[in-house]
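J.: One predicted model, sequence on top.
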Amino acid sequence: MCGIVGYVGFQDAAEFLIEGLTKLEYRGYDSAGVACYTDDRIEIRKKVGGIANLTAYLQERPVHGHIGIGHTRWATHGRPSDVNAHPHGDEHNHYVVVHNGIIENFMELKRDLQAKGHVFVSETDTEVIAHLCEELDTGDFLETVRKVLATVEGSYALAFMNRDFPDTLICTKKDNPLIIGLGEGENFIASDIPAIIARTRDTYILNDGEIAVVTAAAVRVIDREGRPVDKKVHHVDWSAAAAEKGGYEHFMLKEIYEQPKAIRDTMAMHIRRDTQEVYFDELGWRPEDLQGIRKILITACGTAYHAGLVAKYYIEQIARIPVEVDIASEYRYREPLTDAATFCIVISQSGETSDTLAALKEAKRLGARSLAITNTVGSSIAREADAVVYTMAGPEISVASTKAYTTQVIALLLLAVYMGRINGKLSHAEEEAIVRDLLAVPEKCHQILEDVDDLKTFAKNYGFAEDVFFIGRSIDYAVAMEGSLKLKEISYIHAEAYAGGELKHGTLALVVSGTPIIALVTQDAVKEKMYSNIQEVSAREAIVIGIGFEDDPELDHFVRHAIRIPRTHRFVAPILAVLPLQLLAYYAAITRGTDVDKPRNLAKSVTVE
Ligand code: AGP
C-alpha cells in the first residue's frame, strides 16, 4: 500500500515529511516524493527507489517551507518511475495531490480532461485528480475538492495542496486509512500512526467521506454533506513497533485481516460496476486468441503453486481447456511438452522467485505465450512475462503468504470466467452466479474473521501435536495443501495434505488415536465420499475438525469439531475455506511461541534456485 504524510506548522516541512515516510517504509513501496510550498509556488521532488534516493535528491535540490505533503508509492497503475511517483500536480502545480487507493473511473476522466487540453505526463490514476482540481477550480479550495470527490469513483486516501492557499492542507479518505496528528502550533496528516507517533499521540481518525481542512492552528472536519463533524481526540498508547502492525501483534495477522479489502480491490479491477461483467482490459482477448491454445501450463512455487492447483479446477471446469500445474523448480528438468500451443501462467507474490522466473523463461523459449499473476508491479517476473495481471494485495510483509494467495485465487477465478465467456464454454447464468457470490466474498470474509474463538481453542488443544493431516477432495484437496503449508511453515508442526480418497492407500497407517485431522467439506459433488473418508479416520480415533458450510446439516454428525463458513458457490469456497486454515496456523504458532512473521530457515522472497 502507499503511504501519505502531510505537515503544516512552524517547523521545516520537508524534514517531517522524510521522517514520516521513513516510518511508513514497512508498508512496502517502490518510489517516494514530497511537495512543499516555497517562494509562492509548490515545488515537487520525487524519485523511484528508496527514500534514500529521495533524500539524496533533496541534498542536491533542497526544498524548504512550513507546509507540504509526501508519499511512498506501491505501484498499481504504471510502473515504478520518477514520473509516476507522487506527488502529482496539474500542468502549473496549482493543485498538487498524493493518493493511496484506486480511482476506478480514471481512464474516462483522463480522456475527458485530455479532450479539454490537459496534458498528462504520468501513467497513474492519481494525476487525473490534480488536473480535475484545476478543471473544476472555483477559487474556493474546499469547494473545489468537494466537486472533485463527487466526480471520482473508487477507493482513496488523498491529501491536497493549493498554491493559492499556502497555509492550508485538505485531506479525505474512502476505504483507505488516514489520520490527523494534533500538535501545538502544527498539525500532521498520515496514512498510519507510525509516521506521527514521534511528534504527537493525539489524533483524529477520519471516517469515510469526511474531509479535513488542516492549518497550523486548527483542524476543521466536515462530512460528505458538508456538515461540521465534532471529532473526538483519539490518544494513541501503542508502542511504535505495535503501530507498524496497525495494532496487530504480527504482520501475518494484519495481512489476514486485510484480505476483505485486498479481495474487494482486486475484484474492482475486473468486474464492471454497472453490468457486473468480468473484464481484463490489460489482455483484450478475442475468441481467436484462445483458439490456438491446446493446453495451459501453470507453474509457481509454494503457496503460489497451491493457487495454481485451485486454478486448474477453475479453468478446466469453466473454460474447458486442459491445464497442467507444475512446481517451477521441477518444470524445467522434465523435458516439458511445451510449445506454441501452450499458454503459460506464472504466479508469484514477490515477482522475484528464481525458480518461477527460470520456469517462465524456459516456457517462453519453448514457444509458449505467457501471463504473470502478481501483486508486485515492475518485478522481474512481471517484466519477463508477455502480459501481467496485477492483484491488489499490496505488499505482503509476513513470510507466510495469506492475502497474496486469496487475491491470486480471485484473479485466477475471474480469468477462468473471462476465458469461458470468450470461448463460449460458460453460460451467462453460470457467470452471473459466480460473480454474484464473488461480490459477497468480502462481507463473508468479515463474518469468518470475526468468529475465531473456536480456532484459538483448537490451536491450544492441538498445538503440540506431532502430526496433523489435512484432507479434501476435488478443489478442497488443493486448499488442504495450502492449509498444510501454512501450519508447517509457521508452527513447525509436521503436517501433510492428502486427497480424501488416497489416505487408505498407505498413509492411514500413520493415523492413531488422537491424531488431529482437518477435513474440508465444501464440494457437494463429493461430500458423501468425503464423509466416508472422515469415518475411516474417525474409526482410528482421529480427532477430526471439519470445515464446511454453515447450512450443512450433516457436518456435526461426522466430525468432532465443526468450523463453519458461509454458503457460497463451489468455485468461491476455496477463498473462504482457507481463512480458518490461515488462522489455525497462526494461533498454533502462537501456542508454540514460534517467530510468526519470520519463521526459521525461510525467506520472504526466494531468489536462489
Ligand atoms: C508461502 O507462505 C511461502 N512464503 C512460500 O511458499 C512462497 O509462497 C513461495 O516461496 C513463492 O513465493 P512467490 O509467491 O513470491 O513467488
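T.: Cool, the structure landed. Numbers count the residues shown, from 1 in each chain.

J.: List the residues that contact the residue of the stretch 51-200 of the chain found nearest the ligand.
T.: Nearest to the ligand, among the residues of the stretch 51-200 of the chain, is residue 74, at 15.3 Å (C-beta to the nearest ligand atom). Bear in mind the C-beta positions are built from the backbone N, C-alpha and C, glycine included. By C-beta atoms under 8 Å, 6 or more residues apart in numbering, the contact list for residue 74 reads 1, 2, 27, 28, 29, 30, 377, 394, 395.

J.: Neighbours of residue 61, how many?
T.: 8 (other C-beta atoms under 10 Å).

J.: What of residue 443?
T.: 11.

J.: what's the distance between it and the ligand?
T.: Distance, residue 443 to the ligand, using C-beta to the nearest ligand atom, to the nearest Å: 26 Å.

J.: can you check residue 415 too?
T.: The gap separating residue 415 from the ligand is 17 Å, by C-beta to the nearest ligand atom.

J.: where's that residue, which helix or strand?
T.: Element membership for residue 415, per DSSP states H and E: helix 403-422.

J.: Does anything pack onto that helix? Which helices or strands?
T.: Secondary-structure packing of helix 403-422 (3 or more C-beta pairs under 8 Å, 6 or more residues apart in numbering; DSSP states H and E): helix 259-268, helix 287-291, helix 302-314, strand 342-348, strand 369-374, helix 428-439, helix 573-592.

J.: Contacts for the second one, please.
T.: Same thing as helix 287-291. Here helix 287-291 has contacts from 319, 321, 419, 422, 423, 424, using C-beta under 8 Å, 6+ apart.

J.: pLDDT value on the last one, please?
T.: Model confidence at residue 424, given as pLDDT, is 96.

J.: and it, what does it touch?
T.: Taking C-beta under 8 Å, 6+ apart, we find residue 424 in contact with residue 287.

J.: so which helix or strand takes in it?
T.: Under DSSP H and E, no helix or strand contains residue 424.

J.: now it: how far from the ligand?
T.: For residue 424, the distance to the ligand equals 33 Å [C-beta to the nearest ligand atom].

J.: Phi, psi for that residue please.
T.: phi 80, psi 10 (degrees, to the nearest 10).

J.: related to what we said a few turns ago, narrow the contacts of helix 287-291 to just the buried residues.
T.: Buried subset of the contacts of helix 287-291 (neighbour count, 16 or more other C-beta atoms under 10 Å): 319, 321, 419, 422, 423.

J.: can I assume the second one is in contact with residue 312?
T.: Going back to what we said before, that points to residue 321. No. Using C-beta atoms under 8 Å as the test, residue 321 is too far from residue 312 to be in contact (10.2 Å).

J.: Look up how far residue 597 lies from the residue of the stretch 401-550 of the chain at minimum distance from the ligand.
T.: Residue of the stretch 401-550 of the chain nearest the ligand, by C-beta to the nearest ligand atom: residue 401 (3.7 Å). Look at residue 401 and residue 597: by C-beta to C-beta, to the nearest Å, they are 12 Å apart.

J.: Looking at these two, which is more packed in?
T.: A side-by-side neighbour count of residue 401 and residue 597, using other C-beta under 10 Å, places residue 401 first with 26 against 19.

J.: The nearest residue to the more buried one once chain neighbours are set aside: what's it in contact with?
T.: Nearest residue to residue 401 in three dimensions, chain neighbours excluded: residue 303, at 4.1 Å (C-beta to C-beta, 6 or more residues apart in numbering). Contacts here follow C-beta under 8 Å, 6+ apart; on that basis residue 303 touches 349, 401, 404, 405, 482, 485, 486.

J.: hmm, back to that, need the helices and strands packed on helix 403-422 in JSON lines (columns: distance to residue 85).
T.: What follows is those, written out as JSON lines (distance: least, C-beta to C-beta, whole Å):
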{"stretch": "helix 259-268", "distance to residue 85": "21"}
{"stretch": "helix 287-291", "distance to residue 85": "34"}
{"stretch": "helix 302-314", "distance to residue 85": "28"}
{"stretch": "strand 342-348", "distance to residue 85": "24"}
{"stretch": "strand 369-374", "distance to residue 85": "20"}
{"stretch": "helix 428-439", "distance to residue 85": "33"}
{"stretch": "helix 573-592", "distance to residue 85": "33"}
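
J.: Export these as TSV, with columns for distance to residue 108 and mean pLDDT.
T.: Below are those laid out as TSV (distance: least, C-beta to C-beta, whole Å; pLDDT from 0 to 100):
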stretch	distance to residue 108	mean pLDDT
helix 259-268	15	95
helix 287-291	25	93
helix 302-314	30	98
strand 342-348	30	98
strand 369-374	26	98
helix 428-439	22	97
helix 573-592	30	97
